[in-house]
Each structure stands twice: as structure tokens, then as C-alpha cells.
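Asker: Coordinates for the following, if possible.
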Amino acid sequence: MIPWGGVTCCLSAAALYLLGRSSGRDAEVLETVTRVNQLKELAQLLELDSKILPFIVAVSGRVGSETPIKCEHSGIRGVIVEETAEQHFLKHNETGSWVQDSALMLSMSKEVPWFLDDGTSRVHVMGARGATGFALTVGSEVFEESGRSLVRGTLDYLQGLKMLGVKRIERVLPTGIPLTIVGEAVKDDIGEFRIQKPDRGPFYVSSKSLDQLISNLGKWSRLYKYASMGFTVLGVFLITKHVIDSVLERRRRRQLQKRVLDAAAKRAELESEGIHW
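Answerer: Here you go, the predicted model:
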């Protein structure tokens, strides 16, 4: 029988080890990117390092846009807005009890051209939603209770449903918040600078500073490696215990079989001498 518990622990240890190595490599890569202290320096840096492709930099600034979106419910102005609406209801399960469930009714996303501005210059940002660390903040969360009527209630009951209401959530990347972006710096045909996802290399969009990103990746790398060691020890213990138990069980069976054979031989010898037992 295969010791699946031990095998699972060893496979988990291998996966955690690979995650730890990946986080460690990411931290090392971030340490090597060019730090842009002021955005006005980006033009000079691109001229000096124009032969390096892709040219990976770390920039910081506040989110801005010439045409920001005004959120419908919260009134917050942002450059990326996602809105979802979920219908919440009670339904009959197989035992006849009412259980709560939900279904997605609406999912919309809007984005306008936006940039980072640090007071010295600005750089446009492309494809931020595909970056590691990108997250939207909840602008508003509203629950609208369903209207009650006899006809609606009867139809819902016949369908085995009780409508509770609609939950609407707005998530937004607001203007004015500080961000750090690690990506490829390029200059377009009209002379504007932008940060985008490189064909190869890191792409981060985060509210944390570059040093905080590096520190967090280092911590996760160590945590994954420690967890990998723990699962390895546990897996080896379980496999070793299984092997020892199997060896002892086979030895016990051999000893039992030997005693049975010895007893049969002894009985045959006694019977041959005319002694019955």
C-alpha cells in the first residue's frame, strides 16, 4: 500500500520549495531594477540606457487623469472602476430547508487613460490590471432589499425562492493615491513616456514602496522554505513509519507461519510414532 499521507507531504514540500525559490528570485530581480527618484529623470535615463531592452524601472507618484470617472454610488473620482451586482436569495435545498445563495447579475469595468505624477513630471500607465500586486479599493457597498408584493412572493415561492435583495459593490482606483510601479519604461511616437508590462521581467503595481515589496518577497521566500522543511520532515517520518510497520508486519506473518508449520511438522512426527493429540 502506498503511504499517501507521506507522499502528499513530500509533494507539498516540493511545491512550497519552488514557491520560495520563485519569491527569492523575484526579490533579487527587484533589487536590480533602476530606481527613478524623480519622474523628470526618466527622459535622461532612457537616453543613457536606450540599448537595454526591456528597460525596467521603478517609479512612484500619485494617480491622475485628464478624464477621471465619477463613481455613481460613492461619488469617488477614479481611473479604473469595477461594478458588480449580486442577487441574494433563499432557496430550498434537498432536505426542504431554506439556504442562502447568490447569483451574479452585472459585472462592468471602466478605465480611462491615466498616469503617475510626482510633481516633477508624469508617466502614463498601460495594462495595470495585469500586474502583480494590483488591487482596487471598495468605494461603496450597498444592499437594496427586494420589493415585496403578493404576486412576486407567490411566483418566488412556486420556484422555491425567496428574494432578499441586490448587493452592489463599486471597486475603484481613486485619483490622488500614491502608487509604486515596476515595469518597462518606453517613449512613444509623440514623445510621451509610459510604463507597461515587459515581454520579460517584473511588472508590479502596488501601494507599497519598492523596499517594502522586496522585504515582503524575502519574508514569503523564507516562510515557504521553512514550511517546505516542515512538510519534508513530516513526509519522511510518515513514509519511514509506513516502511517500518510493513517490515514488522511481514516479520510477524513469517513468524506466525513458521510456528504453524513447526506445529504441523511436530504433529505429523507424533502421529507417525502412533501418538495422537
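Asker: For the closest residue to Ile177 other than its chain neighbours, grab the count of nearby residues.
Answerer: By the measure of Cβ to Cβ, 6 or more residues apart in numbering, the closest residue to Ile177 outside its immediate chain neighbours is Val63, 5.4 Å from it. In short, each C-beta sits where N, CA and C put it, glycine included. Here the count is done by other Cβ atoms under 10 Å, and Val63 has 21 residues near it.
Asker: cool, the one 5 residues further on as well?
Answerer: Counted with other Cβ under 10 Å, the burial measure for Pro68 works out to 19 neighbours.
Asker: just Ala131 next, same as before
Answerer: Using other Cβ under 10 Å, Ala131 has 19 other residues around it.
Asker: for it, what are its contacts?
Answerer: By Cβ atoms under 8 Å, 6 or more residues apart in numbering, the contact set of Ala131 is Ile181, Gly183, Lys197, Phe203, Tyr204, Val205.
Asker: hmm, 10 Å instead?
Answerer: By Cβ atoms under 10 Å, 6 or more residues apart in numbering, Ala131 lies in contact with Val125, Ile181, Val182, Gly183, Ile195, Gln196, Lys197, Pro202, Phe203, Tyr204, Val205, Ser206.
Asker: swap in Val205?
Answerer: By Cβ under 10 Å, 6+ apart, Val205 lies in contact with 116, 125, 127-135, 173, 179-183, 195, 197.
Asker: Next: Cys9.
Answerer: Contacts of Cys9 (Cβ under 10 Å, 6+ apart): Pro3, Gly230, Phe231, Thr232, Val233, Leu234, Gly235, Val236, Phe237, Leu238, Ile239.
Asker: The fifth one sits in which helix or strand?
Answerer: Yep, that's Val233 we're talking about. According to DSSP states H and E, Val233 maps onto helix 210-272.
Asker: tell me what that helix is packed against?
Answerer: Applying 3 or more Cβ pairs under 10 Å, 6 or more residues apart in numbering; DSSP states H and E, one finds that helix 210-272 makes contact with helix 4-32, strand 56-64, strand 178-187, strand 204-206.
Asker: Just put the contacts of Ala131 in TSV and tack on distance to Arg35 and pLDDT.
Answerer: Output for the contacts of Ala131, formatted as TSV (distance: Cβ to Cβ, whole Å; pLDDT from 0 to 100):
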residue	distance to Arg35	pLDDT
Val125	17	94
Ile181	12	94
Val182	10	94
Gly183	13	92
Ile195	13	93
Gln196	18	93
Lys197	19	92
Pro202	13	89
Phe203	16	92
Tyr204	13	93
Val205	16	94
Ser206	15	92
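Asker: before we move on, the earlier item: among the contacts of Val205, name the buried ones.
Answerer: Among these, those classed as buried by 16 or more other Cβ atoms under 10 Å are 116, 125, 128, 131, 133-134, 173, 179-183, 195, 197.
Asker: just those residues now: which is nearest Leu19?
Answerer: For these, the residue nearest Leu19 by Cβ to Cβ is Gly133; the value is 16.2 Å.
Asker: what's the distance between that closest one and Ser209?
Answerer: Relative to Ser209, Gly133 is positioned 12 Å away (Cβ to Cβ, to the nearest Å).
Asker: list the residues that contact both of those two?
Answerer: Common neighbours of Gly133 and Ser209, counting by Cβ under 10 Å, 6+ apart, are Thr180.
Asker: gap between stretch 168-177 and the chain center?
Answerer: Going by Cα atoms, centre = their mean, to the nearest Å, the spacing between the C-alpha centre of stretch 168-177 and its chain's C-alpha centre is 21 Å.
Asker: same question, stretch 14-27
Answerer: 14 Å.
Asker: Only C-alpha atoms, please: export it in PDB.
Answerer: Coordinates of each C-alpha in stretch 14-27 appear next as PDB, following Å, rounded to 0.1, in the frame of the first residue of the first chain:
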ATOM      1  CA  ALA A  14       8.400  20.400  -3.200                       C
ATOM      2  CA  ALA A  15       5.700  22.900  -4.300                       C
ATOM      3  CA  LEU A  16       6.500  25.200  -1.300                       C
ATOM      4  CA  TYR A  17      10.200  25.000  -2.000                       C
ATOM      5  CA  LEU A  18       9.600  26.100  -5.600                       C
ATOM      6  CA  LEU A  19       7.400  29.000  -4.400                       C
ATOM      7  CA  GLY A  20      10.100  30.000  -2.000                       C
ATOM      8  CA  ARG A  21      12.700  30.000  -4.800                       C
ATOM      9  CA  SER A  22      10.400  32.000  -7.100                       C
ATOM     10  CA  SER A  23       9.800  34.600  -4.400                       C
ATOM     11  CA  GLY A  24      13.500  34.800  -3.700                       C
ATOM     12  CA  ARG A  25      14.300  35.300  -7.400                       C
ATOM     13  CA  ASP A  26      11.600  38.000  -7.600                       C
ATOM     14  CA  ALA A  27      13.200  39.800  -4.700                       C
END
